[in-house]
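Q: following is a predicted model, sequence given first.
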Amino acid sequence: MLDQKLIRENPTFVEENLSLRGKVFDITSLHKLTLKKKEIDIEISNLQSESKKLSKIIGQEIRNSNNSNSRDLNALKEKGNNYRIKISKFEEKKRTLDEKLQDEISRLPNFPSNDAPYGEDESKNKEIKVWGDPLRKDNLKTHWELGENLNLFDFTKTTKISKSRFITLTGNGARLERALINFMLDVHSNNGYLELIPPALINSESLKGSGQLPKFSNESFKCDKDDLWLSPTAEVPLTAFHKDEIIDPKLLPLKYVAYSPCFRREAGSYGRDTKGLIRLHQFNKVELYWFSDPKKSLEAHKEITNDAESILKKLDLPYRLVDICTGDLGFSSSRTFDLEVWLPSSKCYREISSCSNCLDFQARRSSIRTKIDKKTSYIHTLNGSGLAIGRTMAAILENGQQTDGSVKIPEALVPYFGSTFIKTA
RNA sequence: GGAGAGGUGGCUGAGUGGUUGAAAGCGGCUCCCUGCUAAGGAGUUACAGGAGGUAACUUUUGUCGAGGGUUCGAAUCCCUCCCUCUCCGCCA
């Protein structure tokens, strides 16, 4: 969430910064609301001040005299009553105003960083570096062909259980999934991250706190009866983990690694990636998350990206690092580095991790602060997948495929998986 | 699901209608003193928003789970909701 004071005092600045996202933002009406709110606040505050003084006088009068029902006293009480009526009228106005204001303001995305490449859409994303040798051959199999041949998963049977875009992992597939989760958790927790497994069902407040609500209610599954949602990413429960806290600066940065299943409705992507492990309603992910000193988040952003990258290196998967342009940034992010893994069957790089610096955007929504030099300030939050498990599996299958149809397991994963190849039984 | 208890500052925990934004303790910070098992003393220490000042700061309003209500005045009384805990039941 953006700072309300900034919107009130410098709406042009806010509009200009938001418009870096490649479309026009008009906050005229919101700006008016903030001014109106301030007006009402001052009015209420003045009335309350006077009413409070009067109450003190009445209190003293009652203690000093023994007649609690004198004419003077009743006149004073009458006066106080008038204050109360006036105040409650203003408060009602304030309530409706506040609701509107809060809703509008929480629909505004974060400011893009000035360091992010400028552009309206993903075509302006900037490739920063490329790692590894991308496998380029003809007649390569897709990961779903490989997976089905090797009996790693079963999409057909899964539609009986739920519907399309879900998967049942079987045998070595299930084993590979588990190996990847354990491998990633081990790497990160040995690297200073505290391991967490958050709940998969989370409340609306949590989703507001990280930026998924109110604007993107259509993208998550909801359990209506309980006001609970299926978590779309561990970023949400991780942000909420420290909601309403003032964190001791000595503890910063707090670094968490969380394994969680993720659930996404994928509304609006009906035609895309209908096959395979790339786009499912449910997938597993190991997420990295930092609560950082606000002055150190730029450095933190490099580190978290680096930590996510280390998994790809260890798994020997070719990838590239992309600097996401202003128009392609996620709602809460000010700057994002995507890691994209090479998928030889489609001859392209696909996102496997998105590492974002949200600055104080989520911290303000969730009220997470620290105290530096006697001043409380919002901390900065950063998140990055480290990595998405399903897409990693797809990459391992496609990049590790052998001419005989078997798949070579990356060396680092062998101790976790238990063998060096996946072969047909 | 049934019965009960409770939600107060960074934490523990007093407080049942009138200088209570809140005793006390712990913790934190600052200063002082002392030097045989590192202890003692003094002070200070919530958050958010206004107004005023370049600023240190001053002043004002709100906040005792959330939201309503009663009252001149609410942490304290009433209503609704949320959450936590204990016991019983059920269950991985």
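A: Noted; the coordinates are in hand.
Q: just the closest residue of the stretch 151-300 of chain A to RNA strand B, please.
A: Of all residues in the stretch 151-300 of chain A, residue A:246 sits closest to RNA strand B, at 5.3 Å by C-beta to the nearest atom of the strand. (Each C-beta comes from the backbone N, C-alpha and C, glycine too.)
Q: from residue A:372, how far off is that residue?
A: According to C-beta to C-beta, to the nearest Å, residue A:246 and residue A:372 sit 11 Å apart.
Q: domains of chain A?
A: Here the domain parsing of chain A from automatic domain parsing is A:4-105, A:122-422.
Q: run a quick neighbour tally on the nearest residue to residue A:199 once chain neighbours are set aside.
A: Spatially, and ignoring its direct neighbours in sequence, residue A:199 is nearest to residue A:237 (6.2 Å; C-beta to C-beta, 6 or more residues apart in numbering). Residue A:237 is flanked by 25 other residues according to other C-beta atoms under 10 Å.
Q: confirm for me that residue A:237 is in contact with residue A:231.
A: Yes. At 5.9 Å, residue A:237 counts as touching residue A:231 under the criterion of C-beta atoms under 8 Å.
Q: what residues do these two have in common as contacts?
A: Counting by C-beta atoms under 8 Å, 6 or more residues apart in numbering, the contacts common to residue A:237 and residue A:231 are A:198, A:199, A:202, A:260.
Q: report the buried members of those residues.
A: Neighbour-count burial (16 or more other C-beta atoms under 10 Å) is assigned, among the shared contacts of residue A:237 and residue A:231, to A:198, A:202, A:260.
Q: closest to residue A:8 out of those?
A: Taking C-beta to C-beta as the measure, residue A:8 lies nearest residue A:202 of those, at 31.8 Å.
Q: just to revisit the earlier point, against residue A:106, how distant is the residue nearest to the residue of the stretch 151-300 of chain A closest to RNA strand B when sequence neighbours are not counted?
A: Using C-beta to C-beta, 6+ apart and skipping residues adjacent in sequence, the residue nearest residue A:246 is residue A:369, 4.9 Å away. When distance is defined by C-beta to C-beta, residue A:369 is 18 Å away from residue A:106.
Q: the more surrounded of these two?
A: Taking other C-beta under 10 Å, residue A:369 and residue A:106 do not tie; residue A:369 has more neighbours (20 against 15).
Q: any idea which element the more buried one lies in?
A: Assigned by DSSP states H and E, residue A:369 belongs to strand A:368-372.
Q: same for that strand, what does it pack against?
A: Contacts defined by 3 or more C-beta pairs under 8 Å, 6 or more residues apart in numbering; DSSP states H and E place strand A:368-372 against strand A:245-247, strand A:375-378.
Q: of those, which stretch is the most buried?
A: Looking across those with neighbours counted as mean count of other C-beta atoms under 10 Å, the highest average goes to strand A:245-247: a mean of 15.
Q: can you name the element that comes right after it?
A: strand A:254-263.
Q: name the residues of that next one that come out as buried.
A: A:254, A:255, A:256, A:257, A:258, A:259, A:260, A:262, A:263.
Q: now swap in stretch A:367-386 and tell me
A: Result for stretch A:367-386 [16+ other C-beta under 10 Å]: buried residues A:368-370, A:377-386.
Q: and of the residues you listed, the nearest to RNA strand B?
A: Nearest member of these to RNA strand B, counting by C-beta to the nearest atom of the strand, is residue A:369, at 6.3 Å.
Q: might one say that the closest one is in contact with residue A:375?
A: No. Contact criterion C-beta under 8 Å: residue A:369 and residue A:375 do not qualify, at 9.7 Å.
Q: how far away is whichever residue of the stretch 301-425 of chain A sits closest to RNA strand B from residue A:38?
A: In the stretch 301-425 of chain A, no residue comes nearer to RNA strand B than residue A:376, which is 4.0 Å away by C-beta to the nearest atom of the strand. Using C-beta to C-beta, residue A:376 is found at 22 Å from residue A:38.
Q: go on, residue A:327?
A: On the measure of C-beta to C-beta, residue A:327 and residue A:38 end up 33 Å apart.
Q: which of the two has more neighbours?
A: residue A:327 (20 against 13).
Q: what strand or helix carries whatever residue of chain A ends up closest to RNA strand B?
A: When scored by C-beta to the nearest atom of the strand, chain A has residue A:80 as its residue closest to RNA strand B, at 2.6 Å. Applying DSSP H and E as the criterion places residue A:80 in helix A:71-105.
Q: what's that helix packed up against?
A: helix A:4-9, helix A:28-64.
Q: ok, which of the ones you listed comes nearest residue A:210?
A: So among these, helix A:4-9 is nearest, using C-beta to C-beta, at 18.9 Å.
Q: buried set for that closest one?
A: Neighbour-count burial for helix A:4-9 flags A:4, A:7, A:8 (criterion: 16+ other C-beta under 10 Å).
Q: tabulate those residues (a markdown table), appending pLDDT and distance to residue A:153.
A: Output for the buried residues of helix A:4-9, formatted as a markdown table (pLDDT from 0 to 100; distance: C-beta to C-beta, whole Å):
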| residue | pLDDT | distance to residue A:153 |
| --- | --- | --- |
| A:4 | 89 | 48 |
| A:7 | 91 | 49 |
| A:8 | 90 | 54 |
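Q: hang on, the earlier thing: let me see the contact set for the residue of the stretch 301-425 of chain A closest to RNA strand B.
A: Residues near residue A:376 by C-beta under 8 Å, 6+ apart: A:246, A:369, A:370.
Q: pLDDT of the helix holding residue A:80, averaged?
A: Regarding helix A:71-105, the rounded mean pLDDT is 86.
Q: give me the buried positions along it.
A: A:73, A:76, A:80, A:83, A:87, A:90, A:94, A:97, A:101, A:104, A:105.
Q: residue A:314: which of these is nearest?
A: residue A:105 (42.5 Å).
Q: quick check, the closest one in contact with residue A:3.
A: No. Residue A:105 is not in contact with residue A:3 according to C-beta under 8 Å; the separation is 9.4 Å.
Q: show me which residues of the stretch 251-400 of chain A are close to RNA strand B?
A: A:369, A:371, A:376 (C-beta under 7 Å from any atom of the strand).
Q: on that earlier part again, and the buried residues of helix A:4-9 near RNA strand B, which?
A: residue A:8.
Q: pretty sure residue A:127 sits in a strand.
A: Yes. Counting by DSSP: H, G, I helix; E, B strand; the rest coil, residue A:127 is found in a strand.
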